[in-house]
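S.K.: Structure, please.
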Amino acid sequence: MAFYFLDTSALVKLYVQEPGTDRLLPLISDRPDNRFAVLAASVVEMRSAIRRRQRAGDIDTSLATAILESVQSHMETRFMRQTINDSVIDTALEMIDRYALRAYDAIQLAGCLVLCAVTAEAFTFVCSDHRLLEAARSEQLRTLDPAA
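M.R.: Numbering: from 1, shown residues only. Here you go, the predicted model:
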């Protein structure tokens with residue numbers, strides 16, 4: 001069994017075909033004992049990404065709605081959700097002081113770090129943002145860029 005923390009750039013790849021999708025899907029479908037965690041607030045960024053693609057004409061309205069329903073269902077049944085609490089905020093502030101991260105990226109990384117500390121499990125941080133991956137590596141996390 002392996003543990004993965006998916007930032008939103010990775011989470012999107014599970015629902016929309018893009019570079020990295022083929023590398024991520026087997027982690028879920030071929031290994032049912034793998035565990036996946038996400039930041040609880042990822043649903044907001046996920047909805048934004050799907051609706052943006054819908055507005056651009058990349059996906060139609062019915063597919064966008066189906067994707068968002070699947071995401072919501074999986075958030076309740078398949079993914080471990082890390083809430084944004086004081087510990088995550090404090091850790092995100094530390095990440096911003098150490099690395100050149102955008103605010104939301106710092107919160108994603110902090111969510112993973114706090115979850116690792118609370119569960120005593122070593123999660124692999126999965127994302128496709130190179131700056132965020134470098135910060136995660138500097139924090140001694142295993143990383144995976146599915147699009148690499």
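S.K.: helices or strands next to the helix-or-strand element of the chain with minimal mean pLDDT in the packing?
M.R.: Lowest mean confidence among the helices and strands of the chain (mean pLDDT, DSSP states H and E): helix 21-29, at a mean of 90. If contacts are counted by 3 or more C-beta pairs under 8 Å, 6 or more residues apart in numbering; DSSP states H and E, helix 21-29 sits against helix 8-13. C-beta here means a position set from N, CA and C on the backbone, and glycine is covered the same way.
S.K.: try 10 Å
M.R.: Contacts defined by 3 or more C-beta pairs under 10 Å, 6 or more residues apart in numbering; DSSP states H and E place helix 21-29 against strand 3-6, helix 8-13, strand 35-39, strand 124-126, strand 142-144.
S.K.: List the buried residues of it.
M.R.: The neighbour-count check on helix 21-29 (16 or more other C-beta atoms under 10 Å) flags T21, R23, L24, L27 as buried.
S.K.: can you check stretch 83-102 too?
M.R.: Across stretch 83-102, burial judged by 16+ other C-beta under 10 Å covers S87, V88, T91, A92, M95, I96, Y99, L101.
S.K.: and the closest residue to the fifth one other than its chain neighbours, what is it in contact with?
M.R.: Counting by C-beta to C-beta, 6 or more residues apart in numbering, the nearest residue to M95 once its immediate chain neighbours are dropped is A106, at 4.2 Å. A106 makes contact with 88-89, 91-100, 132, 135 under the criterion C-beta atoms under 10 Å, 6 or more residues apart in numbering.
S.K.: can you rerun that using 7 Å?
M.R.: Applying C-beta atoms under 7 Å, 6 or more residues apart in numbering, we find A106 in contact with A92, M95, I96.
S.K.: Now, these that are in helices?
M.R.: Taking DSSP state H as the definition of helices, the contacts of A106 contribute A92, M95, I96.
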